[in-house]
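> After the sequence you'll find the predicted model.
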Amino acid sequence: MKKRIVTLLASATVLAMLAGCGSSEAGAAPSGVEIESIETAEEAPVKEEASEEKAEEAGQSEESAEEAKPEGEVDVVLDEGIDKYEGSWYEEIAGRGSMEIGPMGDGKYYIEVNWGSSAAEMAAWRFTALYDNATGDLTYDDGSYQIITFDENGNDTVTEEKSVHGVLHLNDEGKIEWTDSAYDSDEPSVFIK
């Protein structure tokens, strides 16, 4: 509707300019210029009714598509909780830990955690976690944990290495609470975006 009004106003402006310039055919549109009519109030409800009918038909087609699926098959829809895990996270209290979470598909996520204890030492975790539909958590059983030390030239040495398991839980505040078997603590580390 706005487009038609703008077109009409533009046409009227051109006509007014031509009329002021001594055009012999006052009120007629110049050749090649098409003037569109303004919709009347009676026409608008017809268009609204037509769009409502289309929406109803679309709703019926969605319902029939759902009914047409074989039993046990559903469309793949990602859970909102899964998407909320993806990205870069930082340890909330000390600020020395960083976590990168990236999707691998099929409810799997690759996770890397680096936690600097000093300029010469850091801990590093690498693991693949699975999304648990029942709890909404990411869990892993075969993670890799390493303590890495650096010398004055920047060369690194792995001084400790072990297999770990743990859980990442997204709490109601949108923070990740992470517990890992590398430490004998039930107190989770908290990560924020």
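Received the coordinates, thanks. Here the structure is a predicted model, which means the values were calculated and not measured.

> Could you use CA atoms for every contact and neighbour count after this?
Noted.

> so where do the helices sit in the chain?
Assignment of helices within the chain using DSSP state H yields the ranges 2-20, 43-68, 80-85.

> hey, least reliable of these by pLDDT?
Summarising mean pLDDT across these, the least confident stretch is helix 2-20, with a mean of 42.

> quick one: contacts for the nearest residue to Ile93 once chain neighbours are set aside?
The shortest distance from Ile93 to any non-neighbouring residue, by CA to CA, 6 or more residues apart in numbering, is to Val190 (7.6 Å). For Val190, the residues meeting the contact criterion (CA atoms under 8 Å, 6 or more residues apart in numbering) are 91-93, 175-178.

> try it again with 10 Å
Each residue near Val190 by CA atoms under 10 Å, 6 or more residues apart in numbering is listed here: 89-93, 97, 168-171, 175-179.

> among those residues, which ones are buried?
Buried subset of the contacts of Val190 (neighbour count, 16 or more other CA atoms under 10 Å): 89-92, 97, 168-170, 175-179.

> The longest strand seen in the chain packs against which elements?
Using DSSP state E to define each element, the chain has its longest strand at strand 156-170. Counting by 3 or more CA pairs under 10 Å, 6 or more residues apart in numbering; DSSP states H and E, the packing neighbours recorded for strand 156-170 are helix 80-85, strand 121-131, strand 138-150, strand 176-180, strand 189-192.

> ok, back up a step: mind picking the lowest-pLDDT entry from the contacts of Val190?
Among these, Ile93 has the weakest pLDDT, 92.

> what are the phi and psi angles of it?
phi -90, psi -60 (degrees, to the nearest 10).

> gap between it and Tyr183?
Between Ile93 and Tyr183 the computed distance is 17 Å (CA to CA, to the nearest Å).

> care to break the chain down by domain?
Annotated domains of the chain cover 2-68, 80-192 [automatic domain parsing].

> For Glu160, which of the helices and strands packed on strand 156-170 is the nearest?
Smallest distance to Glu160 across those (CA to CA): 5.0 Å, for strand 138-150.
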